[in-house]
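In: sequence and predicted structure, then a few things I'm wondering about:
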Amino acid sequence: MSGESLARAREILQRLVGFATVSDRSNHALIDYVQGYLEDLGVATWRAPNSAGDKSALMATIGPAVEGGIVLSGHTDVVPVDGQKWSGDPFVLREADGRLYGRGACDMKGFDSVALAMVPEFLAAGLKRPIHILLSYDEETTCLGSRDLIARFGYETPRPALAIVGEPTMMTAADAHKGVATFHTRVTGVEAHSAKPALGANAVAIAADIVSEIGRLARVYEAAELCDPRFDPPYSTLCVGVIHGGTARNILARQCDFQWEFRGLPGVSVAEAAAKVQAFVDQVALPRLTRFVSGPTIETIMDVDVPALAAQADNAAASLALRLTRSNILNAVSYATEAGHFQAAGLPTIVCGPGSIDQAHKPDEFVAISQLAAGLDFMRALAVELAR
């Protein structure tokens, strides 16, 4: 059965990679395929569409409709391939040297394919507690696509005991990750000839001041007393990733926009980091911007706030994952996942999935076939656990 399941996982992964579910596109073709696959196996499913109606999360339950089951959570969206140099079509799965290449092969359609490939074995296992498969959308942008289904736990579906989020960890268990909050700041000034700076307000210059302050604050968070050696890097980070502004070299820029993020260690306040930036805006940047003219503004909007996954002293999900992986080591990861939402809903949660995050978001992204096999072994052991 193990060889048959691995072949099925590869076949499903080929189908999943073939759906170009970049976050700015619909995922409905993929969800339709998965729903059909599960219903052909006699597994009931239900969907939770987004407000625009162009994306859906999907939930399926294998086993008895009782409390105490396990959620296997994966996302269906992938990051863009624009500007990346791939050796082949990123949306056609390619095998070479024991690896399967394609956008999402690692992050995280590999986990999705393993969970789906195991459904026949789950059905035959005589489960006494259920396995819930949850596939979300928009994880790569907002991490909000799972929340509608999480809200149904204990109401429309029996409340699970814990959750396993299958982001790539090389099948090791991670009980903690950083949170991430993203921001968009717009500086609006007044255009004027660059030879007459007192006639206007240069949005680019002031945006540069704020960006510089964000860089200074980033170094503050590197202080030893704020670090946690479990993480790499061991400190919270601030980063400005995108900036646009101005129309010509000799015009004081009317507008400048930049996007930035804060990745905080568990327990480190996003609000406090944002307040430090805002204090600089209020006390330094805005007075500089309005030095000669009135009316310029600086506005910051938080786009996304993904909670961290905090390590817990008595984490049933961690204990289970350590048994299933036959390990006694728990890791922490610096990327964010949907795990924080499950934890916020009161579910002990762990991150554990096939592949390495080092391969994610890159050209020629891949997952090793051996990692898919390890994922199948993990889920096979999970089925034995839930059949007791």
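Out: That came through, no problem.
In: burial of the residue nearest to N315 when sequence neighbours are not counted, as a residue count?
Out: Distances taken as C-beta to C-beta, 6 or more residues apart in numbering put P348 closest to N315, at 4.9 Å, once the chain neighbours are dropped. Backbone N, C-alpha and C define where each C-beta goes, glycine included. Neighbour count of P348, defined by other C-beta atoms under 10 Å: 20.
In: ok, T142 - contacts?
Out: With contact set as C-beta atoms under 8 Å, 6 or more residues apart in numbering, T142 has these partners: 303-304, 306.
In: that one: what secondary structure?
Out: Secondary structure, DSSP: H, G, I helix; E, B strand; the rest coil: T142 is coil.
In: that one and H361: what is the separation?
Out: Per C-beta to C-beta, to the nearest Å, T142 is found 16 Å from H361.
In: surely Q84 and H361 touch.
Out: No - counting by C-beta atoms under 8 Å, H361 is not a contact partner of Q84; they are 9.1 Å apart.
In: which segments of this structure make up each domain?
Out: Residue ranges for the domains of the chain, per automatic domain parsing: 2-177+308-386, 179-306.
In: any idea which of these is most buried?
Out: When you average the neighbours per residue for each of the domains of the chain (mean count of other C-beta atoms under 10 Å), domain 2-177+308-386 leads with a mean of 20.
In: residue contacts, the closest residue in space to V384 that isn't next to it in sequence?
Out: The spatially closest residue to V384, leaving aside those adjacent along the chain, is A125, at 7.2 Å (C-beta to C-beta, 6+ apart). By C-beta under 8 Å, 6+ apart, the contact set of A125 is 383-384, 386-387.
In: any idea how far A20 is from R94?
Out: Distance of R94 to A20, computed by C-beta to C-beta: 15 Å.
In: do the same with Q371
Out: Distance, Q371 to A20, by C-beta to C-beta: 23 Å.
In: go on, P363?
Out: 15 Å.
In: where does pLDDT dip in the stretch 1-150 of the chain?
Out: Residue ranges of the stretch 1-150 of the chain with pLDDT under 70: 1.
In: now do the helices in it.
Out: 2-18, 28-40, 109-117, 119-124, 147-150 (DSSP state H, counting those that start in this stretch).
In: work out the gap between the first one and the centre of the chain.
Out: Here the centre of mass of C-alpha atoms in helix 2-18, compared against the chain's by C-alpha atoms, centre = their mean, to the nearest Å, lies 23 Å away.
In: that one to helix 28-40, inter-axis angle?
Out: Angle of helix 2-18 versus helix 28-40, following axes from the mean of the first three to the mean of the last three C-alpha atoms, to 10 degrees, is 150 degrees.
In: contacts for helix 2-18, please.
Out: With C-beta under 8 Å, 6+ apart, helix 2-18 has contacts from 30, 33, 37, 76, 91-93, 100, 102-105, 109-110, 112-114, 116-118, 120-121, 367, 369, 372-373, 375-377, 380.
In: same question for the shortest one.
Out: The set of residues external to helix 147-150 that reach it, using C-beta under 8 Å, 6+ apart, is 48, 57, 59, 134, 136, 341-342, 345.
In: partners of the very next helix or strand once past that helix in the sheet?
Out: Moving toward the C-terminus from helix 147-150, the next helix or strand (DSSP states H and E) is strand 162-165. Strand pairing for strand 162-165, determined by DSSP bridges: strand 70-75 (parallel), strand 349-351 (parallel).
In: what residues does the spatially most central residue of the chain make contact with?
Out: Geometric centre of the chain, nearest residue: T337, 3.9 Å, by C-alpha atoms, centre = their mean. Residues near T337 by C-beta under 8 Å, 6+ apart: 139, 143, 165, 167, 177, 306, 309, 351.
In: just put the residues you listed in a markdown table and tack on distance to G42.
Out: Compiled in a markdown table, the contacts of T337 are given as follows (distance: C-beta to C-beta, whole Å):
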| residue | distance to G42 |
| --- | --- |
| E139 | 28 |
| C143 | 32 |
| V165 | 26 |
| E167 | 29 |
| H177 | 36 |
| V306 | 35 |
| L309 | 34 |
| V351 | 30 |
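In: still on that earlier bit, which of the helices of the stretch 1-150 of the chain sits closest to I206?
Out: Minimum separation from I206 across the helices of the stretch 1-150 of the chain (C-beta to C-beta) falls at helix 147-150, 36.3 Å.
In: show me how far that closest one is from its chain's centre.
Out: 15 Å.
In: again with stretch 276-288
Out: Put simply, stretch 276-288 sits 31 Å off its chain's centre (C-alpha atoms, centre = their mean).
In: for stretch 345-353, same thing?
Out: Going by C-alpha atoms, centre = their mean, where stretch 345-353 is centred and where its chain is centred differ by 14 Å.
In: any idea of the mean pLDDT for it?
Out: Mean per-residue pLDDT for stretch 345-353: 97.
In: alpha carbons of it, in PDB - could you do that?
Out: Listed next in PDB are the C-alpha coordinates belonging to stretch 345-353 (Å, rounded to 0.1, in the frame of the first residue of the first chain):
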ATOM      1  CA  ALA A 345      -9.100  29.300  18.400                       C
ATOM      2  CA  GLY A 346      -7.900  27.200  21.300                       C
ATOM      3  CA  LEU A 347      -6.500  24.300  19.400                       C
ATOM      4  CA  PRO A 348      -3.000  23.000  20.300                       C
ATOM      5  CA  THR A 349      -1.100  23.300  17.000                       C
ATOM      6  CA  ILE A 350       2.100  22.200  15.400                       C
ATOM      7  CA  VAL A 351       3.800  22.900  12.100                       C
ATOM      8  CA  CYS A 352       5.100  19.800  10.300                       C
ATOM      9  CA  GLY A 353       5.300  19.000   6.600                       C
END
